[in-house]
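Chemist: Give me the fold of what follows.
(one chain, ligands or ions: 1)
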Amino acid sequence: MVRREAAVPRAPYNTTPVFAASAEGASIDDVDGNRYLDFAGGIGCLNIGHRAPRVTAAIQEQLAKHLHLCFAVTPYEGYIAVAEKLNALAPGNFAKKTILLNTGAEAVENAVKIARAYTKRPAIICFEDAFHGRTMMAMSLTSKAHPYKAGFEPFASDVYRIPFAYSYRSESGTTTEMFAHHLENAFKRSVAAESVAAVIAEPVLGEGGFVVPPRDYFKAIQAICRKHGILFIADEVQSGFARTGKWFASEHFGIEPDMITMAKSLGGGMPIAAVTGRAEVMDAPGVGGLGGTYCGHPLSCAAALAAIETIEKDGLLTRSTAVGKHFETRARAWQKKWPLVGDIRGLGGMCAIELVRNAQTREPAESETKQIAEYCYKHGLITITAGTFNNVIRILVPLVVSDEQLDEGLDVIEAALASVAEQKQAALSHA
Ligand code: PMP
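Modeler: You can find the predicted model right below:
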């Protein structure tokens with residue numbers, strides 16, 4: 001850590017001071033010989049687990065053939081095979097095309113470029129509590145000021161923001177219609193509908209705290225988009241590839257996005273991202289208008305095909321649903337015991353608890369959440385927090401986790417909650 005601090009700037013934050021030596025399935029061994037259960041999965045990149053056997057075999061096979069070539073110079077089959085697979089998997093019974101990129105932020109940047117090229121309109125509407133990445137356009141679309149935006153102004157122009165359907169932090173009784181109405185309002189208050197190229201949304205907020213909107217919400221949003229010739233982009237970078245019990249969270253909401261951005265678990269541990277969308281939309285930018293040196297790297301393509309095969313053959317969609325159900329059962333018991341557990345929510349294995357100081361006022365329990373995450377890693381569990389108010393513990397455990405490992409990890413979270421709740425109780429009685 002001393003060497004890290006001397007050699008690396010402070011901005012790329014480390015949530016734990018644990019230096020990894022090796023990893024397998026749902027666990028990580030550190031350089032001191034400690035074993036950790038991994039409930040973070042490299043922030044949702046390891047739905048199929050660390051070093052999934054099909055992925056490591058596919059990478060080795062590819063290593064013997066060729067590494068970087070650049071798809072723009074000499075194309076290779078792996079890129080096309082990934083595109084074909086994603087075109088088939090993405091929801092929507094229409095012709096689709098896919099472009100490959102390196103990261104989630106790059107996928108978002110490209111989806112925006114494609115939407116503008118297709119609609120010939122400038123504006124993009126995004127949501128409060130959204131996270132879309134750290135590059136210029138993606139950061140402009142991202143919601144949280146600290147630490148993602150402060151000091152990095154000015155942002156990209158033509159970005160407009162409306163509230164998300166965050167029921168727990170909205171007035172009780174707010175209906176889907178009322179949530180969706182924010183979009184119609186924006187056309188009056190902020191930007192003319194005919195200037196809007198696209199609305200971009202995470203079907204389940206990721207960094208924003210695993211907020212799951214009502215099931216009919218995105219149908220309402222997409223209907224408004226269609227009425228005005230606006231494209232709907234689903235950012236499934238975190239919610240895709242079995243995380244929510246389906247290939248894409250969009251499927252839970254019965255929508256067929258015009259474009260979907262993907263990354264993270266698509267690569268099974270390798271960097272790769274994609275935008276899949278309606279063929280006519282994807283073909284809008286001119287020849288040479290999109291791309292990048294390393295986009296769709298051969299090793300990443302091999303890994304992605306193997307990751308998709310692993311999800312298919314190992315039943316990880318069903319497993320995700322089961323992981324989510326088990327989490328919910330355990331979390332309900334925590335909520336009964338400790339008012340600190342304000343909200344329990346999730347979709348399949350994308351689940352979380354939101355912590356509050358007071359069940360009525362719902363004041364975010366930020367420092368308590370930090371204490372819980374710290375307790376966890378000190379007791380062998382790597383977790384990460386989320387939420388605009390830094391008060392959400394989210395579960396991104398590799399779905400290959402065994403039942404025993406899952407309970408072992410949840411036992412640590414339970415003990416952490418008990419410890420923090422007791423400290424609060426003790427502080428109150430001393431006061
Ligand atoms: N979109 C979403 C929904 C994400 O969760 C993230 C990463 N947390 C990104 C985009 C950015 O992805 P990357 O870090 O690969 O650029």
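Chemist: remind me which residues of this protein are low pLDDT?
Modeler: Where the chain drops to pLDDT under 70, the residues are 431.
Chemist: Near the ligand, which residues of it are found?
Modeler: Applying C-beta under 6 Å from any ligand atom, we find that the chain lies next to the ligand at 43, 103-105, 108, 131-133, 202, 206-207, 235, 237-238, 263. (C-beta placed from N, C-alpha, C; glycine too.)
Chemist: which residue does the stretch 251-400 of the chain bring closest to the ligand?
Modeler: Here the stretch 251-400 of the chain gets closest to the ligand at one residue, Ala263, 4.6 Å apart by C-beta to the nearest ligand atom.
Chemist: nope, the chain is what I meant
Modeler: For the chain and the ligand, the shortest gap (C-beta to the nearest ligand atom) falls at Gly104, measuring 2.2 Å.
Chemist: Nearest spatial neighbour of Phe218, chain-adjacent residues omitted?
Modeler: Phe253 (4.2 Å; C-beta to C-beta, 6 or more residues apart in numbering).
Chemist: burial of that neighbour, as a residue count?
Modeler: 24 (other C-beta atoms under 10 Å).
Chemist: the strands in the stretch 1-150 of the chain, which residues?
Modeler: Here the stretch 1-150 of the chain has its strands, by DSSP state E, counting those that start in this stretch, at 20-24, 27-30, 35-38, 96-101, 123-127.
Chemist: In terms of secondary structure, what does the longest one contact?
Modeler: Other helices and strands packing on strand 96-101, by 3 or more C-beta pairs under 8 Å, 6 or more residues apart in numbering; DSSP states H and E, are helix 77-89, helix 104-119, strand 273-278, helix 279-282.
Chemist: Other residues contacting whichever helix or strand comes after the last one?
Modeler: Downstream of helix 279-282, the first helix or strand assigned by DSSP states H and E is helix 298-313. By C-beta atoms under 8 Å, 6 or more residues apart in numbering, the surrounding residues in contact with helix 298-313 are 47-48, 52, 54-55, 57-59, 61-63, 65-69, 76, 78-79, 81-82, 85, 89, 100, 241-242, 247, 265-272, 316-317.
Chemist: Give me the buried positions along whichever helix or strand comes after helix 298-313.
Modeler: Helices and strands here follow DSSP H and E; after helix 298-313, the next one along the chain is helix 316-337. The neighbour-count check on helix 316-337 (16 or more other C-beta atoms under 10 Å) flags 316-317, 319-324, 326-327, 330-331, 334-335 as buried.
Chemist: Ok, stretch 294-314 next?
Modeler: Those would be 295-311, 314, for stretch 294-314 by 16+ other C-beta under 10 Å.
Chemist: same question, stretch 348-367
Modeler: Judged by neighbour count (16+ other C-beta under 10 Å), stretch 348-367 contains these buried residues: 348-357, 362, 364-365.
Chemist: Please apply the same query to stretch 395-405.
Modeler: 395-401, 405.
Chemist: now do stretch 216-227
Modeler: Across stretch 216-227, burial judged by 16+ other C-beta under 10 Å covers 216-218, 220-222, 224-225.
Chemist: Put the alpha carbons of that stretch into PDB.
Modeler: Taking C-alpha atoms only, stretch 216-227 is exported to PDB below (Å, rounded to 0.1, in the frame of the first residue of the first chain):
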ATOM      1  CA  ASP A 216     -44.500  -1.000 -16.100                       C
ATOM      2  CA  TYR A 217     -42.300   2.100 -15.800                       C
ATOM      3  CA  PHE A 218     -40.100   1.600 -18.900                       C
ATOM      4  CA  LYS A 219     -43.000   0.600 -21.100                       C
ATOM      5  CA  ALA A 220     -44.400   4.000 -20.200                       C
ATOM      6  CA  ILE A 221     -41.100   5.800 -20.900                       C
ATOM      7  CA  GLN A 222     -40.600   4.000 -24.200                       C
ATOM      8  CA  ALA A 223     -44.100   4.800 -25.300                       C
ATOM      9  CA  ILE A 224     -43.400   8.500 -24.700                       C
ATOM     10  CA  CYS A 225     -40.100   8.200 -26.600                       C
ATOM     11  CA  ARG A 226     -41.800   6.500 -29.600                       C
ATOM     12  CA  LYS A 227     -44.500   9.200 -29.700                       C
END
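Chemist: chain center to that stretch: distance?
Modeler: Relative to its parent chain, stretch 216-227 has a centroid offset of 22 Å by C-alpha atoms, centre = their mean, to the nearest Å.
Chemist: just stretch 35-51 next, same as before
Modeler: That offset, for stretch 35-51, works out to 14 Å (C-alpha atoms, centre = their mean).
Chemist: go on, stretch 143-154?
Modeler: Centroid separation between stretch 143-154 and its chain, computed with C-alpha atoms, centre = their mean, is 19 Å.
Chemist: what does it rub up against?
Modeler: 13, 126-131, 134, 139, 142, 155, 161, 207-208, 388.
Chemist: go with 6 Å
Modeler: When contacts are defined by C-beta atoms under 6 Å, 6 or more residues apart in numbering, stretch 143-154 is touched by residues 128-130, 142, 388.
Chemist: Please pick the buried ones from the residues you listed.
Modeler: So, by 16+ other C-beta under 10 Å, the buried ones in the contacts of stretch 143-154 are 128-130, 142, 388.
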